[in-house]
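Peer 1: here is the input, now give the coordinates:
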Amino acid sequence: MRAAPWMLSAVLAVAAGCAPTTLSPMGVRLARGDPSHMTTRAGMRTGPRMSVPLQAPEDFEGNRAPFSSPQWSVAYEADLLFPVGGGTGLHVGFQGEVGCDELEATCPVPIPGYGLSMGLSHYFELGDVSLAPAVMLRGATDFGLASVGGPSSVVGAEASASLAVRMDDTVVGVVPFLGVHRVVIGDRTTTATYGGMALAGHFEFGDGEFLELTAGAGRVDMRGVEPWWAPIFGFRGGP
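Peer 2: Sure thing, here's the model as predicted:
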């Protein structure tokens, strides 16, 4: 009996796996959200693997090839926004790596890099203009397993601000961000900053359904490594 292709990819992913990807900005908030219910958003976004320049320098190309893997990758992500009151919301985020192996095969199971984030945002509104500053904490790891760009773990904090304008059922805005992270690679640790800006759009379709798109770039600065820019692309939606 032949195994399904995705099962074969999953086996390969377990063997190699992926180190954590840094997804930013984390606290994007272009709309107030339901003041009485949790707002759920889920999708996929891109970001840099900060461990690669030190763990796998032969695979690091910096600005010469900003889309090259494994220094730049894609991850699943979800964000739960709980209303706290008065425009303040509690964000709880989840991250799972798109499965990969040395041949860049993919599978639907996030293996083995996972991450969690948590933070607060506050939504200010003046007519059709809104501003939502956010502060987030994050942590992600591949549990010390052999992985593409790893094994490694990342912990950090990020500040951002979503400045947006509403036009009927569409909201467009910009989200500058700056994060400081500790990258742990075996018994070594280093500090990296990741800052930049994303353009964002929030599109509502009725019955509470919406789609959010992001695009932009961020710069990674790390001691002993030439700074490099990471392209930002992403989408996520909600019911």
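Peer 1: give me the distance from the lengthiest strand in the chain to the chain's centre.
Peer 2: Ranked by residue count and defined by DSSP state E, the top strand of the chain is strand 188-206. Centroid displacement of strand 188-206 relative to its chain, using C-alpha atoms, centre = their mean, to the nearest Å, is 7 Å.
Peer 1: show me which residues of that strand are buried.
Peer 2: 190, 192-198, 200-202, 204 (16 or more other C-beta atoms under 10 Å). All C-beta atoms are positioned from the backbone trio N, CA, C, and that covers glycine.
Peer 1: quick check: what element follows that strand along the chain?
Peer 2: Later in the chain than strand 188-206, the nearest helix or strand by DSSP states H and E is strand 209-222.
Peer 1: relative to strand 188-206, how tilted is that following strand?
Peer 2: 160 degrees (axes from the mean of the first three to the mean of the last three C-alpha atoms, to 10 degrees).
Peer 1: and strand 209-222, what does it pack onto?
Peer 2: Packed against strand 209-222, as judged by 3 or more C-beta pairs under 8 Å, 6 or more residues apart in numbering; DSSP states H and E, are the following elements: strand 39-48, strand 170-185, strand 188-206, strand 225-238.
Peer 1: from what I can see Gly144 touches Pro151, true?
Peer 2: Yes: if you go by C-beta atoms under 8 Å, Gly144 and Pro151 touch, sitting 4.8 Å apart.
Peer 1: before we move on, back to that, how about the helices and strands packed on strand 209-222, which one is nearest His91?
Peer 2: Of all the helices and strands packed on strand 209-222, it is strand 39-48 that lies closest to His91, at 9.8 Å by C-beta to C-beta.
Peer 1: tilt between that closest one and strand 225-238?
Peer 2: Going by the same axes, to 10 degrees, strand 39-48 makes 160 degrees with strand 225-238.
Peer 1: may I see the buried residues of strand 39-48?
Peer 2: 39, 41, 43, 45-48.
Peer 1: circling back: export the buried residues of strand 188-206 to JSON lines and tack on distance to Ala31?
Peer 2: JSON lines is the format used below for these (distance: C-beta to C-beta, whole Å):
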{"residue": "Thr190", "distance to Ala31": "37"}
{"residue": "Ala192", "distance to Ala31": "31"}
{"residue": "Thr193", "distance to Ala31": "29"}
{"residue": "Tyr194", "distance to Ala31": "25"}
{"residue": "Gly195", "distance to Ala31": "24"}
{"residue": "Gly196", "distance to Ala31": "22"}
{"residue": "Met197", "distance to Ala31": "19"}
{"residue": "Ala198", "distance to Ala31": "16"}
{"residue": "Ala200", "distance to Ala31": "11"}
{"residue": "Gly201", "distance to Ala31": "11"}
{"residue": "His202", "distance to Ala31": "5"}
{"residue": "Glu204", "distance to Ala31": "8"}
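Peer 1: looking at this structure, which helix or strand does the model trust least?
Peer 2: In the chain, no helix or strand scores lower on mean pLDDT, DSSP states H and E than helix 5-15, which sits at a mean of 40.
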